[in-house]
Each structure stands twice: as structure tokens, then as C-alpha cells.
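Student: whatever this is, show me its structure:
(chains A and B)
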Amino acid sequence: MSVLRTAGGFSLAYRPRGLAVGAGCAVLALVAAVFAIGSGSGDYPMSFGQVLRTLLGTGDPADEFIVNDVRLPRVATALLVGAALAVAGAVFQSVVRNPLGSPDVLGFTQGAATGALTVIVVFGGGSLALASGAVVGGLATGLLIYALAWRQGVHGYRLVLIGIGITAILTGVNGYLLTRAQITDAARAVLWITGSLDGRGWDDAMPLLVAMAVLLPVVLIGCARALHMLEMGDDAAFALGVRVERTRLTVLAAAVLLVSFGAAAAGPVAFVALTAPQLARRLTKSPGPNLLPSLCVGAALLVTADLAAQRVFADRQLPVGVVTGVLGGGYLVWLLATERKAGRI
Amino acid sequence: MTGTDTGTGTDMGAGTDMGAGAAERTPDRAAPAHPQGRGAVRLRGEGLTLGYGQRTITEALDVAVPDQSFTVIVGPNACGKSTLLRALSRMLKPSAGAVLLDGTDISTLPPKRVARALGLLPQSSIAPDGITVADLVARGRYPHQGLLRQWSREDERIVDESMAATGVADLADRLVEELSGGQRQRVWIAMALAQQTPLLLLDEPTTYLDIAHQIEVLDLCARLHEEGRTVVAVLHDLNHAARYATHLIAMREGAVVAEGDPAEVVTAQLVEGVFGLPCRVIEDPESGTPLVVPAARRVR
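Tutor: Next up, the predicted model:
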């Protein structure tokens, strides 16, 4: 731990390694973002210089359209969704004290999908309605899980098991909704459910950006230190003067909202919320929720995954959820195998 | 003369040869370490009714923790001793009555302010994965810190002192999960110490430790008490309680059965009454405090 002290008795504690990981991933994310803007799906390659010039507003008009209206919103959405999901995952894993207590596993993303599918199938709404549906679905799932699992305090495995049950139910509901859908709606729904950044515009990114501008300070500045204390158990945190219930409700509500808005923007992108905090923790090697490093890892992860999804197969683009699903699923299996060796799970 | 020379409650006359021992012991016993006696009381419970959900554990309980005492709460399993400690540390909200800290209802005080006056070592604390000893102890400074005052020089000094006082300074950079049970318990105590509270509450600090580590932890508590802190502990072992406490509170079925100087309180009658254990009470040859020796199983 290092400290920055100023005159007047102010001091700021930070971990150099955590900071380095965060900065490294932020740089990686930005480089990948610029690269993604430059190459896109490969149809209209631009040089690095062209991209930078266009971003600074001195490019030619054709470049400007491609960059500002097509590729930049997509990349921005990827960065934001990755960051939002990662922070939400870090919060959940910290509160549940279990890597499996991540929003993917607990059914929040499925809940958001149910909300969005209902909008697509029943109301046939546009992208704003779809996003609202996802947010409502995510929040409703949060309330349901709270009612079923949270009242008597957090018991990690109980929560995970109830979450798995709810995920299964919601998957069934989603399947049913798909069978009821018109063929065109179904195609749109399936693409959304897999998690896709295809054709994302600014109106997809803006609601998420606003939500993050409000929620991230609440979590990162308002609750991060109390969240550290909570990891030692409710009693120990309480003994240190943490308002346990208030802190927990605040961060969880914020996390559910982040996941829901993230899913609203890009669909329930698989496993980022699970993977990013775990990667961040292994990189920083420090205890605690690692919120800021997780955020940067998540952003980098989703931008690179989207880049890969566009570039790996020359003749077809994959939804980004396929890539994160394969990577994240593989990572989860690896995690379970090694943790088992370490005797933790 | 106190009642310590009474027999075991069996008719075997086991108690009759104890009179001499008890007579010797009382004058031998060192004077209580708090000459100021029952004067000031910062922490007390008044009319406490405590329970979990529908189950009531104690009713209208009055209890006071004498300042500068090493108060130990003893009693059989499920007598409410941990429940009482949880209430005293504001972990459990009483359904009636109140815990008063310096005369104010503790539940109305800001949590951080309470945490600067009253430290607690809970029974179940989780050391986060991959945390070092120094980092864990540093978390004890939380109630003294804020968003713009995250780590002052004073914090640093107090953490160093706390680790030195508990003998874990050499372990500062080790991972908590690598330590032995006794070392780990000292680290947790160091964290509570770093809180710098005049009152320190410990919930069964010796549980799961072997005998040597139990004594090590209790010696540490005794030293913290001698340095001027008020220490309150729940202990399972009556003999440890009798040896270390300056003020003993014996509970049974949610009520305080006896309290006071262990030399006066710990009698065979009391032990039989509280624990239902026939025994003799002799003088501890090491410390001169009461020593409970359970009656041997009689074979016909």
C-alpha cells in the first residue's frame, strides 16, 4: 500500500500494483478501441493516423461518417458495457464472497433478457423499449432474488443455488417467448440474447453512459472502503463502524442497475461479469473487490472480444457474446479446477 | 470467609478436606487489580431483553462492565453469554431495554463513533483471500479514517504499535491464511487494538486454539487490561475465567446468577448450580486463583 499525503492532513491510500494493472488495461482497451475503429469488420480499413485525425475532427467526411456514426458508437458501447458488467461482477463477488456469486450465474442477465424478449415478442417495441424492458427485467429479478435469498442475511451457496434455479426458470421462459415470436422478431431476439454489439448506435450507448455516470461514483467513491471491510464478515465490519445493511443494499442495487443497463445496451454478454473481476484479482494480487482494476479489465476484455468476433472468421461476424462465452466458460472451468485443488470450492 | 469451602453436593464428604485449602487461599490471593472498585461504568445494559426472532434468550437483564476491569462472562452453552456480548457491542438490537455507552443508548450513536470507543473481536471473522497481516491490522483504523483521510502517519504508527504489542510485527508481510491458529487470533486482536478503543470486547477468543495458544491469547488480554483497557471476554473455560478475570459474570438460562471477584464468586455450589457439575474448588498452585476440579466418576 502506498500513500499520497498533502498538507492539511489529507491522505489517499492506493496500491501501486492495482493502479498499474488498471492503467495497463485502460491503455490496452484504448489501443484495441482505436484498432477496432480503424479496421472495423475489415470492409473499409483506415490507417491509425486516419482514425486519430478523424477523432480529432480533421478527417475527410467519408471517414467521419464511418468513424463517428458506425464504429465509434460500437466501440464506445463495448467499453462501457465491459466496464459496467465488470464492476457489477466485482461488487457481487465481493458481497457474496464467492466468485460464483456473479450476476451471470445469479440470473440477472437472464432476467434482463426476459424483459427484453417480452418487449420484442409481445409489444414489438424499438430499441429504447427493448432497453427499458431489459432494465425492468433485471430489476425484477433482483427483487425476486432478494425476497427469496437475502432476507436472513447472505449465505453464499444458498444465494448461488437460488440464482441457478431462477436462471433455469428464466431460460425456460425465454425459450417459450422465442417460440411465440414471429420469425423476424425471433432472429432479432436471438441476436440480442447472445449479446451483440452489431449496429449499436449512440442511442444504445447513451442511457448506459448516464447510468454509469451516476452509479459508478456511488460505488467507487461512496462504498468502496466499506465494501473492503464487509469482506471480513458482517460482524467484523459492523464492529469497525460500517453501516452493513445500508452499504450492502446500496452497492447491490447499483450493481443490478449496471448489469441491467449493460444488458440493455448490448444484450446479456456472457461471463464478463464473472471473468473480469477474477482476472483483475489475479493480476493485482491484492485482496478486496478490486473495483477499478476490474472496470479496466472488463472494458479491455469486451473491446478485444468484439474485435476478435469481427475478425476471426473472415466470411462471417460472430456476436461478441459467443466469444466471451467461449473464453469465459473456459476460464470458469479452469477456475473451478484450480480452486478445487486449492481446496476452496 | 467466603463459601468456597463447601463440598461437592455429593454425600461423599469430598468437600470436608477443603476447608484448609480455601482458608489458605483467600489471604494469598492478590488484591483485585482495580482498586477503584465498582466506581465508574462506561458500558452497561439496562433491562435487556434479547433474542433471535421469536426465541427470547434473556429478559430484563441488567449488567454493568466496571471500568478498567477484565470482565469475563461464563456459563453453560446456550446460557446467553455470547448473546449478551453481541448486545453490548450493538451487534444485536435488544427487543426491550438498552445498552448504554457513557449514558447514551448505543443504537442511537453513529456507528463510527461507537467503533472508536468500543472494539470487538467477533467469533467469526473472515480473512480476505491473499491479505497480509499488516493490511488486515490496518483495517482496524477504518473508524478513524475518511474519504480524504485514508492513511495518516498516525494510522501507520498505531498499526505498527498494535502489531508489536501482539507480537505479530515479524509476520507483517506474511499472508494471514498461512499462519497458525494462535498467530491468526493475535492478528485479529491486533486489528481490534488498532481501533484504539478504551473498551475491548472478545467473543470466545480462545475457541479452536490448543492449550498453549489459549494461554498465549489470554496472557495478551491480561496485558492489554493492565495497560488500562477495559476488557470483556466470553470464555468457555471456567478455570481460565477464574485465573484471568478481575470481574466474573456467571450466567445461566439468560440470567446473571453471580458476579464479582472470581475469588469470591467461584465456589463449588456456584459451579454445580450454574453448570450442573459436581466438583471441588481448590487453589490454583500457580496463580492462587480458584481452580475447579470436576468430581471423578464414581465406580461402584
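
Student: ok, the closest residue to B:A241 other than its chain neighbours - contacts?
Tutor: Nearest residue to B:A241, sequence neighbours excluded (C-beta to C-beta, 6 or more residues apart in numbering or on different chains): B:V72, at 4.2 Å. For glycine as for every other residue, the C-beta is placed from the backbone atoms N, C-alpha and C. Going by C-beta atoms under 8 Å, 6 or more residues apart in numbering or on different chains, B:V72 touches B:V232, B:A233, B:V234, B:L235, B:H240, B:A241, B:Y244, B:A245, B:H247, B:L248, B:I249, B:P262.

Student: show me which of the residues you listed are buried.
Tutor: The neighbour-count test (16 or more other C-beta atoms under 10 Å in any protein chain shown) marks B:V232, B:A233, B:V234, B:L235, B:H240, B:A241, B:Y244, B:A245, B:H247, B:L248, B:I249, B:P262 as buried among the contacts of B:V72.

Student: that older thread, narrow the contacts of B:V72 to those in helices?
Tutor: The helices, defined by DSSP state H, take in B:H240, B:A241, B:Y244, B:P262 from the contacts of B:V72.

Student: what does the stretch 201-345 of chain A have sitting close to chain B?
Tutor: Residues of the stretch 201-345 of chain A lying close to chain B by C-beta under 8 Å from any C-beta of the partner chain are A:221, A:225, A:228-229, A:231-233, A:235-236, A:238-243, A:281, A:285-288.

Student: just the buried ones from those residues, in ChimeraX syntax?
Tutor: Here is the ChimeraX command that selects the buried residues among these (16+ other C-beta under 10 Å):
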select /A:225,228,229,231,232,233,235,236,238,239,240,241,242,281,286,287,288
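
Student: nearest residue to the residue nearest to the spatial centre of chain B in space, please, no chain neighbours.
Tutor: Relative to the mean C-alpha position of chain B, the nearest C-alpha, by C-alpha atoms, centre = their mean, is the one of B:A233, at 1.0 Å. Leaving aside its chain neighbours, B:A233 sits nearest to B:L202 (4.2 Å; criterion: C-beta to C-beta, 6+ apart).

Student: and the helix or strand encompassing the one you found, which residues are buried?
Tutor: Element membership of B:L202, judged by DSSP states H and E, is strand B:199-203. Judged by neighbour count (16+ other C-beta under 10 Å), strand B:199-203 contains these buried residues: B:L199, B:L200, B:L201, B:L202, B:D203.

Student: just flag the most distant two among those.
Tutor: B:L199 and B:D203 (13.7 Å; C-beta to C-beta).

Student: anything in contact with each of the two?
Tutor: Counting by C-beta under 8 Å, 6+ apart, nothing touches both B:L199 and B:D203.

Student: returning to that earlier point: next, format the buried residues of strand B:199-203 as JSON lines and append pLDDT.
Tutor: What follows is the buried residues of strand B:199-203, written out as JSON lines (pLDDT from 0 to 100):
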{"residue": "B:L199", "pLDDT": "96"}
{"residue": "B:L200", "pLDDT": "96"}
{"residue": "B:L201", "pLDDT": "96"}
{"residue": "B:L202", "pLDDT": "95"}
{"residue": "B:D203", "pLDDT": "93"}
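
Student: returning to what we had before: ok, the residue nearest to the centre of chain B - contacts?
Tutor: If a contact means C-beta under 8 Å, 6+ apart, then B:A233 has B:F70, B:T71, B:V72, B:I73, B:L201, B:L202, B:D203, B:E204, B:P205, B:C221 as its contacts.

Student: could you export the residues you listed as TSV, including distance to A:P16?
Tutor: Conversion of the contacts of B:A233 to TSV gives the following (distance: C-beta to C-beta, whole Å):
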residue	distance to A:P16
B:F70	42
B:T71	44
B:V72	45
B:I73	45
B:L201	36
B:L202	35
B:D203	37
B:E204	39
B:P205	35
B:C221	37
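
Student: pLDDT weak spots in the stretch 151-300 of chain A?
Tutor: Along the stretch 151-300 of chain A, segments meeting pLDDT under 70 span A:151-156.

Student: any idea how far A:L279 lies from chain B?
Tutor: Between A:L279 and chain B the computed distance is 15 Å (C-beta to the nearest C-beta, to the nearest Å).

Student: A:L301 is in contact with that residue, correct?
Tutor: Yes - under the criterion of C-beta atoms under 8 Å, A:L279 makes contact with A:L301 at 7.4 Å.

Student: higher neighbour count, those two?
Tutor: Neighbour count, other C-beta atoms under 10 Å in any protein chain shown: between A:L279 and A:L301, A:L301 has more, with 31 against 21.

Student: helix, strand or coil for the more buried one?
Tutor: helix (DSSP: H, G, I helix; E, B strand; the rest coil).

Student: returning to that earlier point: as TSV, the buried residues of strand B:199-203 with distance to B:G273 would be great.
Tutor: Listed next are the buried residues of strand B:199-203 as TSV, based on distance: C-beta to C-beta, whole Å:
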residue	distance to B:G273
B:L199	30
B:L200	30
B:L201	26
B:L202	26
B:D203	24
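
Student: let's see stretch B:106-116 as CSV, backbone CA atoms only.
Tutor: Once non-C-alpha atoms are left out, stretch B:106-116 reads as follows in CSV (Å, rounded to 0.1, in the frame of the first residue of the first chain):
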residue,chain,number,x,y,z
ILE,B,106,-25.6,2.9,21.9
SER,B,107,-28.1,2.2,19.0
THR,B,108,-28.6,6.0,18.6
LEU,B,109,-24.9,6.8,18.2
PRO,B,110,-23.2,7.0,14.8
PRO,B,111,-21.5,3.6,14.1
LYS,B,112,-18.1,5.0,13.6
ARG,B,113,-18.2,6.9,16.8
VAL,B,114,-19.1,3.7,18.7
ALA,B,115,-16.3,1.9,16.8
ARG,B,116,-13.8,4.5,18.2
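
Student: and the ones in helices among the contacts of B:V72, which two are furthest apart?
Tutor: Greatest spacing in the ones in helices among the contacts of B:V72, by C-beta to C-beta: B:H240 and B:P262 (10.5 Å).

Student: in chain B, which spans are strands?
Tutor: Taking DSSP state E, the strands of chain B run over residues B:43-52, B:55-65, B:70-74, B:96-101, B:104-105, B:118-121, B:199-203, B:230-234, B:247-252, B:255-260, B:279-283, B:290-294.

Student: near chain A, which residues of chain B show up?
Tutor: Counting by C-beta under 8 Å from any C-beta, the residues of chain B near chain A are B:89-91, B:110-116, B:119-131, B:135-136, B:138-140, B:142-143, B:145, B:147-153, B:192, B:195.
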